[in-house]
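model this:
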Amino acid sequence: MTGFGAASIADGPISARAEIRSVNHRHLQVKTRLPGDISHLEPEIEALVRKSLERGSVTVSIGLEREAGAALAGIDVGAAREYRRRLGELAAALELSSDVGLDTILALPGVIVSREAGGPNEREDALVRQCASRAIDALVAMRDAEGEALLDDLRKNTAAIAKIVARIEKRMPRVVKEHHAQLVKRLNELLGGKDARKHAGRAGVEPADLARELALLADRMDTSEEFTRLKSHLAQWDGLLARGAAVGRQLDFLVQELMREANTIGAKCNDAPTAHAVVELKTSIERLREQVQNVE
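Just a heads-up that it's a prediction; the model follows:
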């Protein structure tokens, strides 16, 4: 389901901004983009997303800014002393002057640390978590608003499908009778214009054979089971929409079953008006398939 959420939070000289975007996807995929100094929060941010969403391809982008002086440099005095001692020993061993300057020591790795461990770090992490939560809430709110409009559209489309199904079902008995009449008419033509039902035995075609052929034709064109399943699927559909929970995957499955039954009916009925109605039915079901991709 598509959506966007953003949030910004400032805490003194530190500020965070989070943006979350989601697009349609059958399952839930979460991609996080965090700066290196807060990358350790990626598992927590992903967990927050999965707690609120169940479908969609979600991208989370979070930035952290610090005003000048917000992250005052800390100096590891112990590391500086150790460097000074070892440099003095090295100078003595090489018989060189040991006048090591402060600039040299400060440039060595580990002497200057950007933040004090456990202080600003915890403060910034809490700010990032709060900002991400607000952005997720904004995304969910946008998706909920879109879902309300989508729900009305889904109900209208399923009502239209139910009408098409009723129209096809109403025509089916007539289609079977017309095919029976066509079969008898062809046989009459083969018998030279005689009534096939009265002269079947004398023409080498037993009446029982003709009756069996008509019965087989009726059986091949029997779509009662397909219509029963279609109605059942539509009833389940309405029930899922009324539930108001995460039902996207179940609706996706029902769309597949609706299309399966529509294809079977189309294959069984060699009738132009019915074929046109089946095309209309499949078009409406395909529209449902596209809409269901937006359902959580």
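
Tell me which stretches of the stretch 151-296 of the chain form helices.
Along the stretch 151-296 of the chain, the segments classed as helices by DSSP state H, counting those that start in this stretch run 196-199, 207-220, 224-243, 248-268, 272-292.

would JSON lines of those helices with mean neighbour count, distance to Asn24 and mean pLDDT be doable?
Heads up, the C-betas are built off the backbone N, CA and C, glycines and all. As requested, the helices of the stretch 151-296 of the chain are arranged in JSON lines below (neighbours: other CB atoms under 10 Å; distance: least, CB to CB, whole Å; pLDDT from 0 to 100):
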{"stretch": "helix 196-199", "mean neighbour count": "14", "distance to Asn24": "58", "mean pLDDT": "51"}
{"stretch": "helix 207-220", "mean neighbour count": "13", "distance to Asn24": "40", "mean pLDDT": "62"}
{"stretch": "helix 224-243", "mean neighbour count": "15", "distance to Asn24": "18", "mean pLDDT": "87"}
{"stretch": "helix 248-268", "mean neighbour count": "18", "distance to Asn24": "10", "mean pLDDT": "88"}
{"stretch": "helix 272-292", "mean neighbour count": "16", "distance to Asn24": "9", "mean pLDDT": "88"}
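
closest one to Ile105 among these?
Ile105 lies closest to helix 248-268 among the helices of the stretch 151-296 of the chain, at 60.8 Å (CB to CB).

C-alpha coordinates for that closest one, CSV please?
Presented in CSV, the C-alpha positions along helix 248-268 are these (Å, rounded to 0.1, in the frame of the first residue of the first chain):
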residue,chain,number,x,y,z
GLY,A,248,-4.9,-8.3,2.1
ARG,A,249,-3.4,-11.7,1.5
GLN,A,250,-6.7,-13.4,2.0
LEU,A,251,-8.4,-11.1,-0.5
ASP,A,252,-5.5,-11.8,-2.9
PHE,A,253,-6.3,-15.5,-2.7
LEU,A,254,-10.0,-14.9,-3.3
VAL,A,255,-9.2,-12.9,-6.4
GLN,A,256,-7.3,-15.9,-7.8
GLU,A,257,-10.2,-18.2,-7.1
LEU,A,258,-12.8,-15.8,-8.6
MET,A,259,-10.7,-15.7,-11.8
ARG,A,260,-10.4,-19.5,-11.8
GLU,A,261,-14.2,-19.9,-11.7
ALA,A,262,-14.7,-17.2,-14.4
ASN,A,263,-12.2,-19.0,-16.7
THR,A,264,-14.0,-22.3,-16.2
ILE,A,265,-17.4,-20.8,-17.0
GLY,A,266,-16.0,-19.2,-20.1
ALA,A,267,-14.5,-22.5,-21.3
LYS,A,268,-17.7,-24.4,-20.8
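
how far off helix 272-292 does it point, in degrees?
Using axes from the mean of the first three to the mean of the last three CA atoms, to 10 degrees, the direction of helix 248-268 lies 170 degrees away from that of helix 272-292.

which other residues reach helix 248-268?
Residues external to helix 248-268 that are found in contact with it (CB atoms under 8 Å, 6 or more residues apart in numbering): 1, 26, 54-55, 161, 168, 220-223, 226-227, 229-230, 233-234, 236-237, 240, 274-275, 278-279, 281-282, 285-286, 288-289, 292-293, 295-296.

Nearest to Arg50, out of the helices of the stretch 151-296 of the chain?
Going by CB to CB, the one of these nearest Arg50 is helix 248-268, 15.1 Å.

Tell me which residue lies farthest from the centre of this protein.
Glu95 (71.7 Å; CA atoms, centre = their mean).

Confirm it sits in a strand?
No. For Glu95, which was evaluated using DSSP: H, G, I helix; E, B strand; the rest coil, the result is coil, with no strand membership.

quick one: which of the helices of the stretch 151-296 of the chain is nearest Leu151?
helix 224-243 (6.3 Å).

Next, the angle from that closest one to helix 272-292.
Using the same axes, to 10 degrees, the interaxial angle of helix 224-243 with respect to helix 272-292 works out to 30 degrees.

can I get the CA coordinates of helix 224-243 in CSV?
Output of helix 224-243 as CSV, limited to C-alpha atoms (Å, rounded to 0.1, in the frame of the first residue of the first chain):
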residue,chain,number,x,y,z
SER,A,224,-23.8,-24.9,-11.2
GLU,A,225,-20.8,-25.7,-9.1
GLU,A,226,-18.8,-22.7,-10.5
PHE,A,227,-21.7,-20.3,-9.7
THR,A,228,-22.0,-21.8,-6.2
ARG,A,229,-18.3,-21.2,-5.5
LEU,A,230,-18.4,-17.7,-7.0
LYS,A,231,-21.2,-16.7,-4.7
SER,A,232,-19.3,-18.3,-1.8
HIS,A,233,-16.1,-16.4,-2.6
LEU,A,234,-18.1,-13.1,-2.9
ALA,A,235,-19.7,-13.7,0.5
GLN,A,236,-16.3,-14.4,2.1
TRP,A,237,-15.0,-11.2,0.4
ASP,A,238,-17.7,-9.1,2.0
GLY,A,239,-17.0,-10.7,5.4
LEU,A,240,-13.3,-9.9,5.2
LEU,A,241,-14.0,-6.3,4.2
ALA,A,242,-16.3,-6.0,7.2
ARG,A,243,-13.7,-7.4,9.6
